[in-house]
Structure formats: structure tokens, C-alpha cells
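In: Only the shape, not the letters, is given here:
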């Protein structure tokens, strides 16, 4: 799976790569919380966008000088951002790429936004509900499912629980972990 910039099932125009936390050092590097499965791809991009994903009309384009990983965070250096004072202006902005320039996914990969709105169907052919959001935890993703019968269900998306993901037909076939749902 990879990046997302919206919780709607419509195709977004930009994908999230990271969130700027604070300056790093005195030469304009930015400490970035990485939100992509492929941070190494950032240095191959001609340009990235910084701003708020909810206000896409305010995004600004920047050229990447380099990016390196340090203690689980990305250290991003942008062209013409050369001092700590310059870098201070980027706090809490999101790093994005426009979808047209995103690096293509492998055949077996999908973007997280593509999961939103998919029906969750159990092994016994019962519809549990619809995915409304995806939480990315360290161990595995968690699907937030709106279930008419159980309300909000937090479903662990593990290899054992996900039997089939079919974006084209709009469903995910799952095995319900023991104890996840209350007894009827």
C-alpha cells in the first residue's frame, strides 16, 4: 500500500509523502514525518508540493536537493531553503506529489484512498460494512468500517485476515478474527 491525501474514494490530485515537523540543523534541512512506504523515491522527484492537503489551491512547488533518513525521520533539503530561519516557515506543512508525477505502483499495490468505500465481506458471504478510513499503525493497517450491525469496527488488516482485495469490484473478502465482534 502507499500514500493517500484524502479520505474520499474519489481519486485525489495529490498524494501525501510526509509532514514537516521542524527545522533540522542550521542549513535549511527539514525534519519530516514520513507518510509514504517509499521515502527513497523522494530524491528522484523533480518537484514536490508543500502546503495543506485541504487547501490544494495554496500549494507551492519546490525542487528537492536531497533527502536522507535519520532516526526514523526524513531530512529533506529544498532548493533555496538555506537557513534555519528559512526552514522555520515550513513547520506543519505537508509534502505532496501530484498524481500525474507519482511513481507508478507495482501490480500488487494500491493506494490507500482506493480502499475507502469498499465493502467488507466475510468468509460466510455476509456484508460487514464499508471502509470509511484507514489507520496506518506500525505493525499493520487498521480499516475503520462503518457497520450497520456493529457500528464502527476497527479491523486489523493482516495477512491472516485479508483473503482478497478486489478494488475493481468494490470489495474485500475477510476472515473475522476471533473476539473482534460481540457475540450475537
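Out: Perfect, I can see it now. Computed from a predicted structure; not experimentally measured.

In: Bridge partners for the nearest residue to residue 129 once chain neighbours are set aside, pull those for me.
Out: Nearest non-adjacent residue to residue 129, counting by Cβ to Cβ, 6 or more residues apart in numbering: residue 147, 3.4 Å away. For glycine as for every other residue, the C-beta is placed from the backbone atoms N, C-alpha and C. Beta-bridge pairing of residue 147 under DSSP bridges involves residue 151.

In: repeat for residue 14
Out: residue 98.

In: I'd like the distance between it and residue 53.
Out: 7 Å (Cβ to Cβ, to the nearest Å).

In: who's more crowded, these two?
Out: residue 14 (24 against 19; other Cβ atoms under 10 Å).

In: Just the mean pLDDT for stretch 51-67, thanks.
Out: Mean pLDDT, computed over stretch 51-67, is 90.

In: got a list of what the nearest residue to residue 181 once chain neighbours are set aside touches?
Out: Distances taken as Cβ to Cβ, 6+ apart place residue 150 nearest to residue 181, at 5.8 Å, with adjacent residues excluded. Contacts here follow Cβ atoms under 8 Å, 6 or more residues apart in numbering; on that basis residue 150 touches 128-129, 181-182.

In: the domain parsing of this structure - what is it?
Out: Here the domain assignment for the chain is 14-101, 117-174, based on automatic domain parsing.

In: Centre of the chain to the first one, how far?
Out: For domain 14-101, the separation from the chain centroid amounts to 15 Å (computed by Cα atoms, centre = their mean, to the nearest Å).

In: how long is it from one end to the other?
Out: Distance across domain 14-101, first residue to last, is 9 Å (Cα to Cα, to the nearest Å).

In: swap in the shortest one?
Out: Counting by Cα to Cα, the length from the leading to the trailing residue of domain 117-174 is 15 Å.

In: pLDDT averaged over it - what is it?
Out: 93.

In: give me the number of residues near residue 166?
Out: For residue 166, using other Cβ under 10 Å, the count is 12.

In: what bridges to it?
Out: Beta-bridge partners, per DSSP bridges, of residue 166: residue 171.

In: Distance check, it against residue 118.
Out: 8 Å.

In: Next: residue 177.
Out: Counting by Cβ to Cβ - residue 177 and residue 118 are separated by 19 Å.

In: Neighbour count: the two, which is higher?
Out: residue 118 (19 against 12).

In: Now residue 50. Nearest residue, chain neighbours left out?
Out: residue 93 (4.6 Å).

In: correct me, but that neighbour touches residue 51?
Out: Yes: using Cβ atoms under 8 Å, residue 93 makes contact with residue 51 at a distance of 5.8 Å.
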